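Sequence and predicted structure below; questions after.
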Amino acid sequence: MSGIDLIVLGCVAKQPRSAYDIQKDVEEHNLSEWTRISIPSIYKKVLRLEEQGYIAGDEVAGERAAKKNIYHITDKGREYMESLMTELSLCQPKVLMDFNAVICNLNKVDKPTALVLIKNIISGIEESKQYYHSALKEHADIPLVGRTIMEQQEKVCVTLLEWAQNLYNSYKEE
């Protein structure tokens, strides 16, 4: 099961692209914020997916006479893509947040320091919430799939803010 495979397959299913174009699409749509995909992993995935027959590349003349491969999804790739979508849609979501490492260690620092750290976490969550809120307002023309992910992230931030404020209050009273 690979979300990276699904992202790459989705990019070439939309229209044939080079590995560079796939990378630019991932960057343009901030997909690394929503999924576990890194830009360096894209090139390796493209080559692996081609080896497995999920995508096929056609060599074409690029800019300045350099040749490049333009990849398209194969029938086998479409089947794999649909299989991944089903499999990933059935998985229990894992919500991993870097600040949980701080939470796990709050009892290792003095109370004033712990409270400052919790406030830092609250500030980071507030900044994220504001980012999603502003982006949704500024880019009202975002396609439905992108907009719904941003709405999801904004709502997660609202819930996290409530949770973090409760943590702060509880820690302060303890």
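Great, that's in hand. Everything numeric here is computed off the predicted structure, so don't read it as measured data. Numbers count the residues shown, from 1 in each chain.

Domain parsing of the protein, as residue ranges.
Here the domain parsing of the chain from automatic domain parsing is 3-90, 100-173.

So what would you say the end-to-end distance of the last one is?
The reference is to domain 100-173. In domain 100-173, first residue to last residue: 21 Å (Cα to Cα, to the nearest Å).

Now do residue 63, the pLDDT please.
With respect to pLDDT, residue 63 has a value of 69.

Show me the contact partners of stretch 143-160.
29, 34, 95, 97, 125-126, 128-129, 132-133, 135-136, 142 (Cβ atoms under 8 Å, 6 or more residues apart in numbering). Quick note: C-beta positions are derived from backbone N, CA and C, even for glycine.

Give the buried residues for that stretch.
For stretch 143-160, the neighbour count (16 or more other Cβ atoms under 10 Å) marks 146, 149, 150, 153, 154, 156, 157, 160 as buried.

Is it possible to get those out as a markdown table so that each row also shows distance to residue 6 and secondary structure?
Output for the buried residues of stretch 143-160, formatted as a markdown table (distance: Cβ to Cβ, whole Å; DSSP: H, G, I helix; E, B strand; the rest coil):
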| residue | distance to residue 6 | secondary structure |
| --- | --- | --- |
| 146 | 16 | helix |
| 149 | 14 | helix |
| 150 | 19 | helix |
| 153 | 19 | helix |
| 154 | 24 | helix |
| 156 | 21 | helix |
| 157 | 25 | helix |
| 160 | 26 | helix |
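
Reformat the residues you listed into CSV and put pLDDT next to each item.
Output for the buried residues of stretch 143-160, formatted as CSV (pLDDT from 0 to 100):
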residue, pLDDT
146, 77
149, 83
150, 85
153, 88
154, 92
156, 93
157, 94
160, 95
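
Out of the domains of the chain, which one sits most buried?
Neighbour counts (mean count of other Cβ atoms under 10 Å) averaged over each of the domains of the chain peak at domain 3-90, with a mean of 16.

quick one: that domain to chain centroid distance?
Chain-centre distance of domain 3-90: 15 Å, with Cα atoms, centre = their mean, to the nearest Å.

Compare the mean pLDDT across the domains of the chain and name the weakest.
What stands lowest among those, in mean pLDDT terms, is domain 3-90, with a mean of 87.
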